[in-house]
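Enquirer: okay, predicted coordinates and the sequence, questions at the end:
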Amino acid sequence: MNFDFSDDLKQLRDQARRFLSEQCAPAVVRRSLDRQETHAAGLWSAIADMGWIGAAIPESYGGAGLGYEGLCVLAEELGRVVAPVPFGSTAYLAAEAILAAGSEAQKREWLPRIADGSVTGCFALAEGTGNPDPASIHARSVGGRLSGVKWPVADGGIADVAIVVARDETGGIALFLARGADALRRDLTTVDPTRNQARLEFDGAPAERLGQAGGWELVQRLLDRAAILIAFEQVGGSEAALQMARGYAMERYAFGRPIGSFQAIKHKLADVYVALELARSNAYYGAWALSADAAELPLAAATARVSATEAFHLASKENIQTHGGIGFTWAVDCHLFYRRSKNLALTLGGAPFWKNRLVDLLETKNAA
Amino acid sequence: MDFNDTPEEAAFRAESRAFLSANAEPKAGSRPSLRLGGMDTEAVKRCKAWQVKKADAGLAGLTWPSKHGGREAPAIFQVIYNQEEEDFTVPRGLFEIGLGMCIPTMMAYAQPEQLDRFVRPALRGEEVWCQLFSEPAGGSDLAALRTRAERDGDDWVINGQKIWTSGAHLSDFGIIVVRTDPNVPKHEGLTFFFLDMRSPGIEIRPIHQMSGTRHFNEVFFTDVRVPDAQRLGGVGQGWKVSLTTLMNERLAVGEVARPDVDDLVALSRSVVLNGEPAIRSTAVRERIAEWYARSQGLKFTRFRTMTALSRGETPGPENSIAKLVNASKLQDIASYGMDLMGEAGLVVDDDLAEAYAMFQSALLSSPSARIAGGSDEILRNIIAERVLGLPADIRVDKGVPFNRVPTGKR
């Protein structure tokens, strides 16, 4: 039994934590929050230089070959600091889509540039309100020309390439690669300005199909894999929010004693800790499934996602509550976690979608 | 990451499996053991026969010294054995406290010749032990206990009352913490002993529980004499010894009580709600998903604990989350499953009730899971103080001589 990250990966985690605590202080996040910039471009290029974007990309395509457990470790640290960078869109989705569906030539063309940070990616799935659903896909590519409207697209406003879920000539679902610059783009205002969201309108834009594979199963497979990595971001964010609440509860006095000595606060934070540990354990199982490419991956992913979404929601809202009125101000960082919690909770489908999927998979498993 | 055993662990797992396959019934497909009737004479016999079989096979007292019949194996072996045993129906409920808490406390504080006398018979199931801690005035606040012991020559004389003593009526020996000095603050006036449960002056009365069973007892002490040689730790050191006992609570989470989420899934497939199987309902699916995520989270938390054990590390108090989560989950699943049955959910008759009446049985028994062995509230305190490092509660009895602490009317 070795249900833990290796010493090498723990070193990577420590190194990432040190690096991000210096390079991604709240002041950096707040530049995006206050709309002074769409994302932390300096941090993003530093992350690229560290080789993190290509952590799970094989070395033969210019990646670092650290494997998926390495990517999970990095995801947790990026979640911890609410990093305002297009990491997930690029590493969990665009790179993964090309790896899963791209032709050999496409992998050779794009993956090294993604790994070195010269190309930023995004994943254009949604077409308005609603959870992931093949019936909602109306975008279409005919003769190498893509048309359709995608929103919201995480990091769509800053991505060089978009992996677009669209229909081919036969009406089947497939993945198409288009240039961000070939879309009519509009940045969206959202509850979490620390991550870019955009509306992308394609009107006969040049697009190449990724490989020959297709079908909603391919899309769902990408969602499953990304869900595990997002769960690690949620775990990192939950832990940071819990630590922030704990720190305040130790320092803040009321009625002549630290508020952390009141059971109303202690029990609340104990509940957050419990939710966090369950989420962490479920995420670890997801990490194992990713790195082993196990048959259990879809159920592990849905479970990790449900668990981590619940934990981050609880941790971020109770962090505000523990702070009291000061926690409701713009100046205090509580709302960074609260906003990011909702952002990640909705990324690639909300809790109802993933809960339903979890039970679908459970039924299939029990029937087998 | 991997889920593989080391070669030594794999060999031990195979050994455990072989023993269980040869000697116990597989659990798959069997009805759950509801223990509605408590522990009767036949059940005691079965437990004792099973324990001696385990001991003869070298599978009892796995981490204990070999001179007392143990195996001196690492703690991970106990977890592995427990995991394997979960797949089988074996007699339970008689030795957990003695072997899990009483004898480990003895091993920390008793004299060598006392260990020679008591450890092996306990290990072989020949002698049953109970733990006499809680009192009417000392539950979560254990150190508020009032049972007195006074020195008389080479003996101590005990007067008072214990309560919630599991299996006292079946026990040969017990460990007990009592007050020997009421004039000092509460933690400082306690002393710890072991005693013969057949000593003159001990009266045991089973408690009729709300679930209908009688598993716990009240134990009354009237001028019960205990030799000073049976004192564990120094006079006034009883609190420290008690903490040793409490820290020895089983490392591994025992069997997960039923109904669990799998039982709820099965029920949701068979019960009809709004014209279709209940499992088609979005509301039902959401609840199943939430409980499944919690169950899995606990399972994999245990794997993380096993990893620490496997490396020879000591798991921390973070382990207390399992009981906290499981107890409420059990109560909530029991209640929700009955909701799905409609009015028939009230019925427990064997020939009519759904799922062997396990939902109804758990509805009535699960309140105790949230109280016994550390209430939900105490566990949250432990997590808050020992894991998160939050300040201890302010105590109005701190530093106050015990006989001047306010007591209230209940």
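Expert: The structure has been received and is ready for your questions. Numbering: from 1, shown residues only, chains lettered A, B, ... in the order given.

Enquirer: name the residue of chain A that lies nearest to chain B.
Expert: A:Leu278 (2.8 Å; C-beta to the nearest C-beta). Just so you know, the C-beta spots here come from the backbone N, C-alpha and C atoms, and that holds for glycine as well.

Enquirer: ok, the residue nearest to that residue when sequence neighbours are not counted - contacts?
Expert: For A:Leu278, ignoring the flanking residues on the chain, the nearest one in space by C-beta to C-beta, 6 or more residues apart in numbering or on different chains is B:Gly297 at 2.8 Å. By C-beta atoms under 8 Å, 6 or more residues apart in numbering or on different chains, B:Gly297 lies in contact with A:277-279, A:281-282, A:307, B:325.

Enquirer: any of those residues buried? List them.
Expert: A:277-279, A:281-282, A:307, B:325 (16 or more other C-beta atoms under 10 Å in any protein chain shown).

Enquirer: before we move on, back to that, please list all residues in contact with the residue of chain A closest to chain B.
Expert: Applying C-beta under 8 Å, 6+ apart, the residues near A:Leu278 are A:307, A:311, B:293-294, B:297-298, B:301, B:321, B:325.

Enquirer: where does A:Arg280 fall, phi/psi-wise?
Expert: When read as degrees, to the nearest 10, the backbone of A:Arg280 gives phi -60, psi -40.

Enquirer: what pairs with the closest residue to A:Pro152 other than its chain neighbours across the strands?
Expert: Leaving aside its chain neighbours, A:Pro152 sits nearest to A:Gln197 (4.3 Å; criterion: C-beta to C-beta, 6+ apart). Judged by DSSP bridges, the bridge partners of A:Gln197 are A:Ala154.

Enquirer: from B:Arg380, how far off is A:Gln197?
Expert: 38 Å (C-beta to C-beta, to the nearest Å).

Enquirer: more crowded one of those two?
Expert: Applying other C-beta atoms under 10 Å in any protein chain shown to A:Gln197 and B:Arg380 shows that B:Arg380 carries more neighbours, namely 23 against 20.

Enquirer: helix or strand: which one has the most centrally placed residue in chain A?
Expert: In chain A, the residue lying closest to the centroid (C-alpha atoms, centre = their mean) is A:Ile230, at 3.9 Å. Assigned by DSSP states H and E, A:Ile230 belongs to helix A:216-251.

Enquirer: immediately after that helix, which helix or strand?
Expert: The C-terminal neighbour of helix A:216-251 among helices and strands, as given by DSSP H and E, is strand A:253-254.

Enquirer: what sits up against the helix or strand hosting A:Lys150?
Expert: For A:Lys150, the host element (DSSP H and E) is strand A:145-154. By C-beta under 8 Å, 6+ apart, the surrounding residues in contact with strand A:145-154 are A:86, A:88-89, A:122-128, A:138-141, A:156, A:159, A:162, A:164, A:166, A:176, A:178, A:188, A:190, A:195-207, A:347.

Enquirer: how about whichever residue of the stretch 51-200 of chain B sits closest to chain A: what's its closest non-neighbour residue?
Expert: Here the stretch 51-200 of chain B gets closest to chain A at one residue, B:Ile76, 7.7 Å apart by C-beta to the nearest C-beta. Spatial nearest neighbour of B:Ile76, excluding adjacent residues (C-beta to C-beta, 6+ apart): B:Leu309 at 4.3 Å.

Enquirer: for that neighbour, grab the count of nearby residues.
Expert: 21.

Enquirer: could you look up the SS state of it?
Expert: helix (DSSP: H, G, I helix; E, B strand; the rest coil).

Enquirer: my guess is it contacts B:Ala75, does it?
Expert: Yes - using C-beta atoms under 8 Å as the test, B:Leu309 is close enough to B:Ala75 to be in contact (4.9 Å).

Enquirer: quick one: contacts for B:Gln59?
Expert: Small correction: residue B:59 is Leu, not Gln. Counting by C-beta under 8 Å, 6+ apart, B:Leu59 has contacts B:15-16, B:19, B:71, B:81.

Enquirer: those in helices, which ones?
Expert: Assigned to helices by DSSP state H, the following of these qualify: B:15-16, B:19, B:81.

Enquirer: among the residues you listed, which one has the lowest pLDDT?
Expert: Checked by pLDDT, those have B:Tyr81 as the lowest-scoring entry (93).

Enquirer: and the helices in the chain?
Expert: All of this is about chain A. According to DSSP H, the helices that chain A contains are A:7-23, A:26-33, A:41-49, A:67-80, A:87, A:95-101, A:104-115, A:216-251, A:263-292, A:297-323, A:334-346, A:351-367.

Enquirer: switch to chain B, please.
Expert: B:7-23, B:41-56, B:75-85, B:96-97, B:103-109, B:112-123, B:238-247, B:261-270, B:282-310, B:321-341, B:358-369, B:376-382.
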